[in-house]
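A.B. asks: One predicted model, sequence on top.
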Amino acid sequence: MTGGVVEDGGAGREWLASLQATLAASRLAQFACLLAFAVLIRCPAYGEWNFGIDDQFYALVGDRLRQGDLLYVDIWDRKGPLLYLIFAGIGLVWPSMLAYQLAATLSAALGAYGVNRLARLIATPGSAMLGGIAYLALLSRFEGDNLEAGVFFNTLIIAAAWLLVSRFALLRQGRIDAGLVLGFLCAGLAIAIKQTAALEGALFGAWAIASLARAGRPPIGTAWRAGILALAGLLPMLSAGLFYWADGHFSELWQAMVTSNFARSYADPAIRLKRVFTMAGMLAIPLLFAGIGLHAQRGARGERAAVSRLVALWALVALALVFAFPSIYVHYAQSALPPLAILCAGYFAHRRPIWPGLVAVVGLSLVLAGTFHLHDRWRARPAAAALVEYVRAVTPEKRLLVWGMPSYLYAKIGADPVSPLAFAPHLYEAREWTGIDQVAEVRRILAARPETVLAQAPLPSSPLNAAAVRMVEDYTRGCRRSRRFTTYDHNGPQDQVVYSRCTR
């Protein structure tokens with residue numbers, strides 16, 4: 001019997017060694033493992049259309065673009081056009097929330113694979129895989145467990161970083177190639193999803209230009225190469241600008257992408273300070289293990305040292321952006337997660353035991369992620385289905401006003417949004433600025449006599465535009481029927497009141 005145990009143990013060790021060798025040698029196997037893990041940790045929310053306030057709005061805008069609406073004109077937001085084109089494109093293939101979630105899962109897995117490939121340059125193959133797993137877990141912890149924008153633009157920034165570091169030798173010779181140009185195009189595409197990615201793109205550009213300058217080329221040679229890289233990075237937003245200019249709506253694009261970000265007001269200093277400390281606390285664990293991983297690289301030389309420096313600068317720029325922004329929300333940290341996960345791989349490679357990092361970075365992240373509030377996930381789908389069925393029944397003419405978070409309800413019942421400001425907080429947040437007067441727009445909406453109003457109780461914002469809120473409250477007092485529902489999103493249960501038979 002003892003001999004049998006030894007034999008089985010030896011077979012097990014051989015199988016594990018074989019698996020590790022396969023993972024180390026096969027890029028396809030690495031990606032397959034990361035994709036499987038991404039599906040595992042994200043699937044509890046599959047099929048939910050009401051999981052997140054931003055997520056469902058992106059899906060709604062994609063739906064409206066497929067029906068012919070013009071972004072920033074017929075339906076308004078301040079994020080970049082590529083984000084909504086992604087959702088519109090997915091919907092052309094399969095107009096379903098599950099399709100958006102599967103595409104986001106694939107993007108997250110591709111991002112994790114990119115983290116894995118970058119981490120291999122400073123860590124062992126097994127530790128690099130753990131870095132990819134850490135990225136997926138951290139993404140879930142920081143509200144990237146469904147359809148947040150960071151799930152998409154992070155992957156493009158990671159691709160840009162990989163294409164840059166894989167051409168360090170080329171840059172040292174004062175040369176560029178199509179792969180490097182493609183990398184800066186990826187950075188430009190990320191900027192066309194969310195403007196703040198421009199800071200990471202600028203870092204990569206400065207690194208490339210500095211490398212070219214050190215190669216000893218004549219200044220004119222460095223300048224035209226830098227110009228090509230810059231043009232690649234600017235091309236996506238230049239194309240969008242030219243499209244809107246040709247269509248006569250460039251002012252609307254500029255107002256949404258630029259002016260609105262500076263014209264809106266932001267959180268009071270006391271609230272902002274509280275959020276700074278909250279964010280610092282949430283980031284403390286990945287920062288600790290990333291710092292240990294970076295410290296482990298202190299004796300590195302050559303290519304490994306250069307990669308470590310770039311990743312450390314990347315993390316610094318991303319973190320500076322998080323804490324420097326006037327408003328601070330949990331999902332803003334998503335841009336810092338790729339470099340932190342890469343540096344965590346350095347911890348996994350050089351520190352023993354590794355289980356403290358696995359438990360703290362991976363385990364704790366998953367426990368705290370919205371997708372693993374399994375009791376809520378179990379109740380979310382039937383609760384949302386009951387709400388949709390009822391609203392559809394009491395809104396025969398499809399004249400609906402959503403006054404709260406579930407903006408995708410418009411698409412679920414086949415109703416046109418009542419305003420370009422279909423994201424309801426744009427109508428009732430006192431600090432908002434969209435170029436459209438909130439009170440006048442709410443007055444116009446109510447004058448059209450929506451037959452049903454879905455009002456969240458309480459409204460998830462502060463401070464509120466008291467005049468706009470009062471008008472809706474006065475209107476709903478004239479509705480002849482009301483019914484309360486409880487829905488469930490990534491933050492837990494939310495009360496919704498459906499006011500119907502509101503026309504007079």
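C.D. replies: Thanks, I have the structure now.

A.B. asks: what about the strands in the protein?
C.D. replies: In the chain, the strands defined using DSSP state E lie at 400-403, 452-457, 481-489, 492-500.

A.B. asks: Packed most tightly, which of these would that be?
C.D. replies: Mean neighbours per residue, mean count of other CB atoms under 10 Å, is largest over the strands of the chain for strand 400-403, with a mean of 26. In short, each C-beta sits where N, CA and C put it, glycine included.

A.B. asks: roughly how far apart are the residue lying closest to Thr395 once chain neighbours are set aside and Arg470?
C.D. replies: Distances taken as CB to CB, 6 or more residues apart in numbering place Thr452 nearest to Thr395, at 4.3 Å, with adjacent residues excluded. The gap separating Thr452 from Arg470 is 20 Å, by CB to CB, to the nearest Å.

A.B. asks: Okay, now the unreliable bits of this structure?
C.D. replies: 1-20, 504 (pLDDT under 70).

A.B. asks: any idea which residue sits dead centre in it?
C.D. replies: Gly150 (2.2 Å; CA atoms, centre = their mean).

A.B. asks: Skip the chain neighbours and tell me the closest residue to Pro125.
C.D. replies: Ala24 (4.1 Å).

A.B. asks: Next, count neighbours for that neighbour.
C.D. replies: Counted by other CB atoms under 10 Å, the residues lying close to Ala24 total 15.

A.B. asks: my guess is it meets Ala128, correct?
C.D. replies: No. Using CB atoms under 8 Å, Ala24 is not in contact with Ala128; the gap is 9.4 Å.

A.B. asks: And the helices in the stretch 101-250 of the chain?
C.D. replies: When secondary structure is read from DSSP state H, counting those that start in this stretch, the stretch 101-250 of the chain shows helices at 125-141, 150-165, 168-172, 178-191, 198-214, 219-246, 250-254.

A.B. asks: Am I right that Asp247 is in contact with Leu70?
C.D. replies: Yes. Counting by CB under 8 Å, Leu70 is a contact partner of Asp247 at 7.4 Å.

A.B. asks: what does stretch 59-72 rub up against?
C.D. replies: 49, 74-75, 77, 81, 84-92, 95, 97, 100, 147, 244, 247, 249, 252-253, 255-256, 407-408, 410-411, 417, 422 (CB atoms under 8 Å, 6 or more residues apart in numbering).

A.B. asks: on that earlier part again, indicate which one of the helices of the stretch 101-250 of the chain is closest to Ala349.
C.D. replies: Proximity to Ala349 (CB to CB) singles out helix 125-141 among the helices of the stretch 101-250 of the chain, at 3.7 Å.

A.B. asks: buried sites along that closest one?
C.D. replies: For helix 125-141, the neighbour count (16 or more other CB atoms under 10 Å) marks 125, 127-141 as buried.

A.B. asks: what do you get for stretch 441-454?
C.D. replies: For stretch 441-454, by 16+ other CB under 10 Å, it's 441-442, 445-446, 450-454.

A.B. asks: Would you mind giving both backbone torsions of the closest residue to Ile53 other than its chain neighbours?
C.D. replies: Leaving aside its chain neighbours, Ile53 sits nearest to Met405 (4.5 Å; criterion: CB to CB, 6+ apart). Taking degrees, to the nearest 10, you get phi -80, psi -40 for the backbone angles of Met405.
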